[in-house]
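Engineer: Could you work out the structure for the sequence below:
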Amino acid sequence: MQQGLKNNWKQFWLLVLINAFVGSIVGLERSVLSGFGYDIFNIDGKTALLSFIMAFGTSKAIANLITGKLTRYTTRKQVLIIGWIAALPVPFLLMYASSSNWIIVANILLGINQGLAWSSTVIMKIDLVDEKVRGLAMGINEFAGYLAVGVAAYLSAGITDEKGSAFYPFIPGIFFSVAGFFLTLFFVKDTAAFLHQEAKENRIPLLKNVWKASSYQHRSMGSVTINGLVNNLDDGIVWGLLPILLL
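Structural biologist: Have a look, this model is predicted:
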């Protein structure tokens, strides 16, 4: 067992594919929710979309926060599986929603999926490769995830144009969630052994307080954190306001 992209390419690219499925599920909502809330429940576009995004963002933030802590008590693969279990009801909640509360519940589950599953794939890729190419590994992960977001949003917009904003645009989500769950369950191998091996060889001391170091104590990590915040902020703005502007 040895770290490295070449040595672990099968697991690495499998995790890239799984992260693409993670992105695809949230992408289905991108171009549909504002019209969906208005057409089906007669909710003002801004009110509907922003409330749905708030539910998603809050649950995703909490899930992101606890992902690292969960890996102390269970395996990385199990955290990824939990993330996919949260995603399985999402397409059905959206397809058969009888009130806007169903959409909020779906987005809470979707945020849990994004927080646990996306974060887990990042952590597992970092475990698999050596430290020299970890930036590349994360770049590939983000590229695959956000490319899938865009493609799924385009797909759902096309379905909406043909079939309307109810039911049909969310059908592909069944495939995305089931495929992600079963690929994780049967083909993904846990990567914690790589972490334990590296911990024995690596003499770099652990951070005493990750939040302080990544917020303001460590300049490089702090700048990365701020860039991440801005990236997610403008992503949320585009998701929340651009569809309303286009409508």
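Engineer: In the chain, what helix or strand scores lowest on average pLDDT?
Structural biologist: helix 33-41 (a mean of 69; mean pLDDT, DSSP states H and E).
Engineer: how far does the helix or strand that comes right after it sit from the chain's center?
Structural biologist: The C-terminal neighbour of helix 33-41 among helices and strands, as given by DSSP states H and E, is helix 45-73. Here the centre of helix 45-73 is set off from its chain's centre by 10 Å, with C-alpha atoms, centre = their mean, to the nearest Å.
Engineer: and helix 45-73, what's its mean pLDDT?
Structural biologist: Mean pLDDT, computed over helix 45-73, is 82.
Engineer: From here on, call the first residue 668.
Structural biologist: Got it, the first residue is 668 from now on, which makes the last one we talked about helix 712-740.
Engineer: got a list of what the residue most central in space within the chain touches?
Structural biologist: In the chain, the residue lying closest to the centroid (C-alpha atoms, centre = their mean) is residue 781, at 2.9 Å. Neighbouring residues of residue 781 by C-beta atoms under 8 Å, 6 or more residues apart in numbering: 689, 693, 723, 727, 730, 750. From N, CA and C alone the C-beta is placed, and that goes for glycine too.
Engineer: And for residue 688?
Structural biologist: Residues counted as contacts of residue 688 (C-beta under 8 Å, 6+ apart) are 815, 843-844, 846-847, 850.
Engineer: top of these by neighbour count?
Structural biologist: Most neighbours among the contacts of residue 688, by other C-beta atoms under 10 Å: residue 847, with 27 neighbours.
Engineer: Angles on the backbone of that one, please.
Structural biologist: The phi/psi pair for residue 847 (degrees, to the nearest 10) reads phi -60, psi -40.
Engineer: same check, this time on residue 763
Structural biologist: As for residue 763, its main-chain torsions (degrees, to the nearest 10) stand at phi -110, psi 20.
Engineer: what's the burial count for it?
Structural biologist: Here the number of neighbours of residue 763 (other C-beta under 10 Å) works out to 11.
Engineer: And the contacts of stretch 723-734?
Structural biologist: 693, 746, 750, 774-779, 781-783, 786-787, 790, 903.
Engineer: Separate out the buried members of those.
Structural biologist: Among the contacts of stretch 723-734, those that count as buried by neighbour count (16 or more other C-beta atoms under 10 Å) are 693, 746, 750, 774-779, 781-783, 786-787, 790.
Engineer: picking that back up, want to throw the contacts of residue 688 into CSV with secondary structure and distance to residue 825?
Structural biologist: Shown next, in CSV, are these (DSSP: H, G, I helix; E, B strand; the rest coil; distance: C-beta to C-beta, whole Å):
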residue, secondary structure, distance to residue 825
815, helix, 16
843, helix, 16
844, helix, 20
846, helix, 20
847, helix, 22
850, helix, 25
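Engineer: do you know how far the residue nearest to the centre of the chain is from residue 804?
Structural biologist: Residue 781 sits 19 Å away from residue 804, going by C-beta to C-beta, to the nearest Å.
Engineer: try residue 818
Structural biologist: From residue 818 to residue 804 the distance is 21 Å (C-beta to C-beta).
Engineer: So which of the two has more stuff around it?
Structural biologist: Counted by other C-beta under 10 Å, residue 818 and residue 804 do not tie: residue 804 has more neighbours, with 21 against 14.
Engineer: So for the one helix or strand the more buried one maps to, what gets flagged as buried?
Structural biologist: Assigned by DSSP H and E, residue 804 belongs to helix 801-830. Neighbour-count burial for helix 801-830 flags 801, 804, 807-808, 811-812, 815-816, 819-820, 822-824, 826-827 (criterion: 16+ other C-beta under 10 Å).
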